[in-house]
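>>> Only the shape, not the letters, is given here:
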């Protein structure tokens, strides 16, 4: 099973020079020091953030 944090999409987003990119990098950094339960929580939080950014539209990024 591919995890969200290990996906190519997250890798691409982490290189963005945007608020979204900063947030993705912050989550990835936190995940480096997290146990499995914390990683699941971080993935869920990141999914919610990305959904919210998508609902705002690309023009606000």
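Arrived safely. Note that this is a predicted model, so its numbers are computed, not measured.

>>> Point out where this structure drops to low pLDDT.
For the chain, the stretches with pLDDT under 70 are 1-2, 58-61.

>>> Now do the helices in it.
Ranges of helices in the chain, per DSSP state H, are 8-14, 19-32, 36-56.

>>> and among those, the most buried is which?
Of all these, helix 19-32 has the most neighbours on average by mean count of other C-beta atoms under 10 Å, namely a mean of 16. Heads up, the C-betas are built off the backbone N, CA and C, glycines and all.

>>> Can you name every helix or strand that that one contacts?
helix 8-14, helix 36-56 (3 or more C-beta pairs under 8 Å, 6 or more residues apart in numbering; DSSP states H and E).

>>> Tabulate those helices (CSV), appending distance to residue 28.
Below are the helices and strands packed on helix 19-32 laid out as CSV (distance: least, C-beta to C-beta, whole Å):
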stretch, distance to residue 28
helix 8-14, 6
helix 36-56, 9
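
>>> Quick one, which of these gets closest to residue 27.
With C-beta to C-beta as the measure, helix 36-56 is the member of the helices and strands packed on helix 19-32 nearest residue 27 (4.7 Å).

>>> For the closest one, what is the distance to the chain centroid?
In terms of C-alpha atoms, centre = their mean, to the nearest Å, the centre of helix 36-56 is found 6 Å from the chain centre.

>>> Give the other helices and strands that that helix contacts.
Packing contacts for helix 36-56, counted by 3+ C-beta pairs under 8 Å, 6+ apart, involve helix 19-32.

>>> hmm, back to that, please identify which of the helices and strands packed on helix 19-32 is closest to residue 23.
helix 36-56 (5.8 Å).

>>> Give me the angle between the closest one and helix 19-32.
Counting by axes from the mean of the first three to the mean of the last three C-alpha atoms, to 10 degrees, helix 36-56 lies at 170 degrees to helix 19-32.

>>> Could you list the residues in contact with helix 36-56?
With contact meaning C-beta atoms under 8 Å, 6 or more residues apart in numbering, helix 36-56 is reached by 3-5, 10, 13, 20, 23-24, 27, 30-31, 34, 61.
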